[in-house]
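> predicted model and sequence follow; I will ask about them next.
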Amino acid sequence: MNRSCWKYALLVGFAFEQSSWIAKLAAQENLQQSASAPAIGSLEVKSLPSKVIDRSTFSESQWERLAIATAAALDPSARFPVPDVSSNLLRNEPSRRAQAFETFVDELLHSESYAQWRAQTWMNDMMSKPAMDRAELLGWSLESYRRWLIESARRNDRFDAFLRMQCIGDEQLRSDQRMLPTAVWYFAGHRSVFDVIELPTPIESNLLRPFRESLDSIIQAEDKDWQRLLIGAEASGGPVEKWYRGELDYPKVSEETLAWQWPDAQSLEAQARVAEDESLIEHLGQPLRANREWTLVCQVDVSSAALDSDLPILMFEQQEFSQDAKLERGANDRAGRTLRLELVHGHVQVSFVHDQAVSELVLRTTQMISNGTRQIAVVNEGFGGPGSVRLVVDGKPLDLEVDEAEASSGASQKRLRKEIVRGEKARWRITQKSAAGIECQETRVYRLGLSIPELRGLTESFLKSDWDSLEEMEKRFWIEHYAKRNDSQWRYQRESRAYYAGNLKSIQESEAMVPVLANATGLVELGARDVFPACLLGTLDISLQGNSERNLESNLVLTGEEWSKRLGIADTNDKVPDRIPEKLANLEVSRTWRNLCRGTSPSQESFGGQSGSQPNTVGTVESARTELVVDKHARGEIASGEFARVEFVRTADQLELVKHLLLSDAWALHVLEELAKSN
């Protein structure tokens with residue numbers, strides 16, 4: 001056995017922990033080269049460190065294994081033509097294969113596979129699995145943030161700028177409300193004031209425009225028809241008046257429009273059950289959606305004590321909730337879609353909640369109601385937004401306003417932006433009798449948005465009046481009822497409007513939506529220490545180390561700008577140019593190395609399945625063979641890991657970091673060790 005083969009056998013035979021000993025052996029054989037090597041920590045290193053392994057001794061099977069493992073590390077789904085690359089590599093002379101391998105690494109790092117690998121590994125390492133699950137269950141688009149990460153990898157953003165944009169957002173992005181980078185705050189499970197942005201795909205954009213144009217035309221036509229009906233009603237003996245005089249009473253609602261009622265006198269569906277506390281009635285029914293037409297009518301006894309109550313009193317609640325056991329504790333309150341009818345300080349309030357923190361619509365009557373037996377109805381026309389909702393008490397529609405408490409907390413920007421569409425039934429809860437002094441006698445759900453006369457027809461206390469004795473507003477209610485039920489032209493316009501509004505809403509529901517930080521100066525309260533950016537700051541700030549409890553401290557409630565400053569990545573005038581904190585660099589070097597090694601291990605799940613698995617987080621300790629040893633030698637050589645770290649501190653170049661690691665002796669040793677174990 002010649003000396004080179006003997007030396008190679010020693011290198012492969014020892015475990016990765018012995019890299020320090022290997023480097024010292026190389027130092028004895030390269031004494032002349034070692035003497036001229038730069039000192040440890042120097043930022044002037046601009047050439048690759050001397051190689052410990054003599055790659056000219058590699059066999060064809062070893063070169064093939066190195067090429068396949070390198071491609072697998074960044075492309076587990078095998079999109080890159082690995083067999084062609086390995087065969088092309090072996091066509092070169094042994095002395096030129098190292099250069100050909102470097103060319104192959106360059107091609108791989110400029111492929112789509114590398115960009116997707118970096119995006120996915122960053123999401124897996126920087127966000128907890130429960131937080132990602134909750135975002136998916138709430139219907140927010142993780143793909144939008146993932147696409148931003150992929151674009152950042154394609155641009156090869158500096159690492160400090162990459163982190164800074166996720167903390168505070170880019171000013172140019174902030175100006176047009178497309179601050180996708182700051183979505184990481186929400187997806188990581190932190191609490192702050194968030195806005196919502198929409199990023200439709202090109203196909204969705206092409207659909208949205210004609211639907212909006214058609215909807216605008218239909219609304220204009222409907223307004224013209226409404227003016228026609230008003231003018232016709234002013235003339236004596238018009239069609240509306242003739243029809244009204246022919247009616248003997250307020251119009252009755254057709255039985256076929258009644259979807260469900262309690263008590264179930266008509267046996268429309270199975271009787272609702274009494275809850276355990278005997279104060280609530282529960283029933284599973286088809287969800288009442290915000291962009292569909294329906295009417296909810298409750299006959300309620302209201303006491304004076306209920307009107308004076310300081311706490312909201314629930315009358316009706318529809319809840320779509322997730323029963324996913326994988327959600328972290330406390331996440332279920334954010335994972336429910338809720339429709340709620342309440343009595344709040346004597347006012348009737350209806351809430352459409354998609355996500356309590358971001359997307360909800362809360363409407364409250366400006367007038368208080370009086371005590372006694374009251375018919376309280378919520379009429380939803382199905383067009384979306386507050387203009388589509390009516391709150392009617394005893395046949396009289398009341399004025400609505402956005403809840404003042406919500407407006408003062410910054411939630412005035414919230415509106416019904418998104419709705420989850422599911423086939424499962426929703427849980428309806430009705431307050432049968434409350435200790436606060438409210439009792440529900442009857443509840444009905446209709447498939448149509450009932451008119452005011454129809455609602456009055458359900459109330460025995462109202463009697464029919466002669467047309468001439470009706471007030472102007474009452475005449476308008478009758479004209480609207482006549483138009484909805486008897487005027488074919490109006491009905492056609494209204495049905496067309498509902499069709500286009502419903503389709504437009506369905507497209508909007510499928511749009512890529514994402515909550516983002518409202519502003520850079522808003523406070524962000526961290527929900528956990530093992531997610532971005534606390535997992536990074538824990539290496540720099542001793543106050544965040546050694547405490548994994550969820551009890552939040554004051555130093556964990558900071559603005560986005562303050563977080564970037566504490567990470568050492570703030571874009572300030574006194575910042576040292578072209579440098580990032582060394583501890584932060586060490587962390588990213590170690591994280592990148594572990595993800596590279598993870599891709600070559602047959603025991604790890606492939607990249608394509610990582611969305612359902614949570615790799616080890618940034619600070620965990622894995623086996624020695626997947627830990628990059630950064631060893632400082634007495635003779636001043638720079639080992640593979642130390643060279644990568646020093647260069648990364650100096651350049652903050654993420655792509656070059658991966659390249660240095662893939663061309664390093666440490667990577668070759670790792671791959672050949674895996675090969676030796678498999679044999």
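Good, I have the coordinates.
> output the below-cut-off pLDDT ranges for the stretch 401-550 of the chain.
403-417, 420-423, 460-463, 539-550 (pLDDT under 70).
> strands along that one, start to end?
426-431, 433-434, 438-446, 512-517, 523-525 (DSSP state E, counting those that start in this stretch).
> with distance to residue 75 as added columns, please give those in JSON lines.
Just so you know, the C-beta spots here come from the backbone N, C-alpha and C atoms, and that holds for glycine as well. Listed next are the strands of the stretch 401-550 of the chain as JSON lines, based on distance: least, CB to CB, whole Å:
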{"stretch": "strand 426-431", "distance to residue 75": "43"}
{"stretch": "strand 433-434", "distance to residue 75": "61"}
{"stretch": "strand 438-446", "distance to residue 75": "53"}
{"stretch": "strand 512-517", "distance to residue 75": "25"}
{"stretch": "strand 523-525", "distance to residue 75": "35"}
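> and the nearest residue to residue 382 once chain neighbours are set aside, how many neighbours does it have?
Nearest in space to residue 382, with sequence neighbours left out and distances taken as CB to CB, 6 or more residues apart in numbering, is residue 293 at 3.9 Å. As a burial measure, residue 293 scores 21 neighbours (other CB atoms under 10 Å).
> swap in the one 4 residues further on?
For residue 297, the neighbour count with other CB under 10 Å is 24.
> and the angle for the helix or strand hosting residue 213 with strand 512-517?
Element membership for residue 213, per DSSP states H and E: helix 202-234. Helix 202-234 and strand 512-517 are oriented at 90 degrees to each other (axes from the mean of the first three to the mean of the last three CA atoms, to 10 degrees).
> show me what helix 202-234 is packed against.
If you count contacts as 3 or more CB pairs under 8 Å, 6 or more residues apart in numbering; DSSP states H and E, helix 202-234 packs onto helix 239-246, helix 472-486, helix 488-510.
> tilt between the shortest one and helix 202-234?
Counting by the same axes, to 10 degrees, helix 239-246 lies at 70 degrees to helix 202-234.
> what angle do helix 472-486 and helix 239-246 make with each other?
Going by the same axes, to 10 degrees, helix 239-246 is angled at 90 degrees with respect to helix 472-486.
> buried sites along helix 239-246?
By 16 or more other CB atoms under 10 Å, the buried positions in helix 239-246 come out as 240-241, 243-244.
> sorry, back to before: and the helix holding residue 213, which residues are buried?
Buried positions in helix 202-234, judged by neighbour count with 16+ other CB under 10 Å: 204, 207-208, 211, 214-215, 218, 221-222, 225-226, 229, 233.
> ok, now stretch 501-508?
Under the neighbour-count criterion of 16+ other CB under 10 Å, stretch 501-508 has 501-505, 507-508 buried.
> pick the one among these closest to residue 178.
Here the nearest of the buried residues of stretch 501-508 to residue 178, counting by CB to CB, is residue 508; it sits at 16.6 Å.
> residue 348 belongs to a strand, doesn't it?
Yes: assignment of residue 348 by DSSP: H, G, I helix; E, B strand; the rest coil places it within a strand.
> okay, now the domains of this protein?
If you go by automatic domain parsing, the domain ranges for the chain are 3-74+76-110+581-678, 117-200+514-566, 252-451.
> roughly how far is the helix or strand in which residue 102 is found from the heart of the chain?
Element membership for residue 102, per DSSP H and E: helix 97-109. Its chain's C-alpha centre and that of helix 97-109 lie 37 Å apart, by CA atoms, centre = their mean, to the nearest Å.
> what's the answer for stretch 113-121, then?
Centroid displacement of stretch 113-121 relative to its chain, using CA atoms, centre = their mean, is 19 Å.
> can I get it in PDB, CA atoms only?
Taking Å, rounded to 0.1, in the frame of the first residue of the first chain, the C-alpha atoms of stretch 113-121 are listed here in PDB:
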ATOM      1  CA  SER A 113     -33.600  23.200  -5.700                       C
ATOM      2  CA  TYR A 114     -31.200  25.300  -3.600                       C
ATOM      3  CA  ALA A 115     -33.600  28.200  -3.200                       C
ATOM      4  CA  GLN A 116     -36.400  25.900  -2.100                       C
ATOM      5  CA  TRP A 117     -34.100  24.000   0.200                       C
ATOM      6  CA  ARG A 118     -33.000  27.200   2.000                       C
ATOM      7  CA  ALA A 119     -36.600  28.400   2.300                       C
ATOM      8  CA  GLN A 120     -38.000  25.200   3.700                       C
ATOM      9  CA  THR A 121     -35.100  24.600   6.200                       C
END
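> touching, residue 309 and residue 436? I think so.
Yes: judged on CB atoms under 8 Å, residue 309 makes contact with residue 436 at a distance of 5.0 Å.
> so residue 453 sits against residue 478, correct?
Yes: counting by CB under 8 Å, residue 453 does reach residue 478; the two are 5.9 Å apart.
> returning to what we had before: which elements pack onto the helix holding residue 102?
Short answer (3+ CB pairs under 8 Å, 6+ apart): helix 97-109 packs on helix 60-74, helix 82-91, helix 654-662.
> Three-state assignment for residue 378, please.
Under the three-state scheme (three-state DSSP), residue 378 adopts strand.
> which secondary structure state is assigned to the closest residue in space to it that isn't next to it in sequence?
Leaving aside its sequence neighbours, residue 378 sits nearest to residue 296 (CB to CB, 6+ apart; 4.5 Å). Assigned state for residue 296: strand (three-state reduction, three-state DSSP).
> from residue 389, how far off is residue 296?
Shown here: residue 296 relative to residue 389, a distance of 11 Å by CB to CB, to the nearest Å.
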